[in-house]
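> the sequence and its predicted three-dimensional model are supplied below.
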Amino acid sequence: MKMTSDSPPETLRVLYVDDEEFLLEPTKLFLEHFGDISLDTVNSGKKALDLMAEKKYDAIIADYEMHEINGIDLLKIIRSSGNHIPFIIFTGRGREEVVIEALNLGADFYLQKGHEVRAQYTELHAKIIQAVKQRQIEEKLMISEERLRLSIMATNQGLWDVDIEKGRISASEEFFHLFGYEKDEILPTYDWWISMIHPDDSEHVKQVYQNYISKKVDKFSLEFRFRTKQGKWKWIMSRGKILSYDKNGNPLRMIGTHIDITEQVEAENMLFQKHEELQKSYDQIAQSEEELRQSEKDRTLALSQVRKNFAELSILNDGIRNPLTVIVAQTELKCPEIADIVISQAKEIDELITQLDRRWIESEKVINYIRKHHGIEYSDKPDTD
């Protein structure tokens, strides 16, 4: 059965229990006359329990004084079974102690029978509707709270509620479990909370908190390390909001969440470390490439210099042969007595020059091989330095 404030209520199934049977039929007629209640009636608590086992009801109405099981005992049995169905005591007894006992045991309303029949049934009808609506609201709230609790458990969150003036903190069970505590193990306060924050973070946390409650900033959101019961540190993201202020604008109450982000922070730190390692590797590779380029440049310059030296040597050979020929000719003409000695020395020099020419030819082959197989290039232009 569902009801909303925006639409007419559906028919409620209500059970009325009273051992004064002459009241059962008129009560049924009056309540069903409103058009939104279907009333079943029984004359004993035992029959009521049997019927409840067979059918589902939205509310129970019971007399107080009945044989075997009276209204209070019936209420006890129903509540002890975990059933929170709306329960209304409707009786001619008006003793104060009975009213108190009924309400303490979980009765929704205690209504006394009177002589104004139409008025009493109108009030009874109103109490039934009110009790059912209230129970539906409570059930929806319980469902919402359970969903919130499951959501909080799934995301490692803990709820906290701060009495700012007194420095007292009330928190959810998940809040305590987040740090390894049972809920009744500690009595959290603002001072306790600060004392559990990492020394490197505590001053910053206090400053952010004071800035928020003094309205210097618009939101409370920060990350810090919090010590667990086991002495380990957990990274926490804390977010909160002030709910109420006094007449002077001073904050009174603030609620928020603690979220365990330890795995996220560790993953970010690992990612940063990997990035640093990759950057270092990249720098090393870049340095190696530069060294290789420099080494290749040095080899190219060295090879160019070798070729230059050999080329200069070839030129030098020609430069020696030409004057040597002139010297030999002039000696034979002008100094024939020493011509044999000079010619002999000239032949030895010419033989040395010939050997140098052969080495030049061989060096050209070596240089061309290196260029072909090692990809070393050099300039054929002579060095002007």
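All right, it came through fine. Numbering: from 1, shown residues only.
> using the three-state scheme, assign residue 165.
coil (DSSP: H, G, I helix; E, B strand; the rest coil).
> that one contacts residue 248, correct?
No - the pair residue 165 / residue 248 is not scored as a contact, 11.7 Å apart, by CB atoms under 8 Å. To be clear about C-beta, it is placed using only N, CA and C from the backbone, and glycine gets the same treatment.
> who has more neighbours out of the two?
Ranked by neighbour count (other CB atoms under 10 Å), residue 165 and residue 248 place residue 165 first, with 11 against 5.
> and that one, what does it touch?
For residue 165, the contact set (CB atoms under 8 Å, 6 or more residues apart in numbering) comprises 250, 252.
> got a pLDDT number for it?
Note for residue 165: predicted pLDDT of 87.
> same thing with the one 3 residues further on?
If you check residue 168, the pLDDT there is 90.
> list the contacts for the residue nearest the centre of the chain?
For the chain, residue 261 is the residue whose C-alpha lies nearest the centre (CA atoms, centre = their mean; 5.2 Å). Counting by CB under 8 Å, 6+ apart, residue 261 touches 223, 235, 236, 237.
> what about the last one, which helix or strand?
The secondary structure element spanning residue 237 is strand 233-245 (assigned by DSSP states H and E).
> so what does that strand touch, helix or strand wise?
Judged by 3 or more CB pairs under 8 Å, 6 or more residues apart in numbering; DSSP states H and E, strand 233-245 is in contact with helix 199-213, strand 220-227, strand 251-260, helix 262-334.
> picking that back up, what about the residue nearest to the centre of the chain, distance to residue 234?
Here the criterion is CB to CB, to the nearest Å. By it, residue 261 lies 8 Å from residue 234.
> element containing residue 177, please.
helix 173-178.
> can you show me the CA trace of the helix or strand just after that helix as PDB?
Next in sequence after helix 173-178, counting helices and strands by DSSP H and E, comes helix 190-195. C-alpha atoms of helix 190-195 as PDB (Å, rounded to 0.1, in the frame of the first residue of the first chain):
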ATOM      1  CA  TYR A 190      38.000  18.200  18.200                       C
ATOM      2  CA  ASP A 191      41.200  17.900  20.200                       C
ATOM      3  CA  TRP A 192      41.300  14.200  19.600                       C
ATOM      4  CA  TRP A 193      40.800  14.600  15.900                       C
ATOM      5  CA  ILE A 194      43.600  17.200  15.600                       C
ATOM      6  CA  SER A 195      45.900  15.000  17.700                       C
END
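> for helix 190-195, which positions count as buried?
By neighbour count on 16 or more other CB atoms under 10 Å, the buried set for helix 190-195 is 190, 193.
> so how far is it off the chain centroid?
Mean-position distance between helix 190-195 and its chain equals 24 Å (CA atoms, centre = their mean, to the nearest Å).
> bridged to residue 238, which residues?
Beta bridges link residue 238 to residue 222, residue 258, judged by DSSP bridges.
> got the domain boundaries for the protein?
Here the domain parsing of the chain from automatic domain parsing is 12-152, 156-260, 291-374.
> make TSV from the helices and strands packed on strand 233-245 and add distance to residue 72, mean neighbour count and mean pLDDT to it.
Formatted as TSV, the helices and strands packed on strand 233-245 follow (distance: least, CB to CB, whole Å; neighbours: other CB atoms under 10 Å; pLDDT from 0 to 100):
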stretch	distance to residue 72	mean neighbour count	mean pLDDT
helix 199-213	49	14	94
strand 220-227	50	17	94
strand 251-260	39	18	90
helix 262-334	53	12	74
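> among the ones you listed, which is nearest residue 184?
strand 251-260 (18.7 Å; CB to CB).
> who's in contact with that closest one?
152, 155-165, 175, 178, 213, 220, 226, 234-246.
> quick check on those: which are buried?
Buried subset of the contacts of strand 251-260 (neighbour count, 16+ other CB under 10 Å): 152, 156-162, 164, 175, 178, 213, 220, 226, 234-238, 240, 242.
> these two touch, right, residue 220 and residue 241?
Yes - counting by CB under 8 Å, residue 220 does reach residue 241; the two are 7.0 Å apart.
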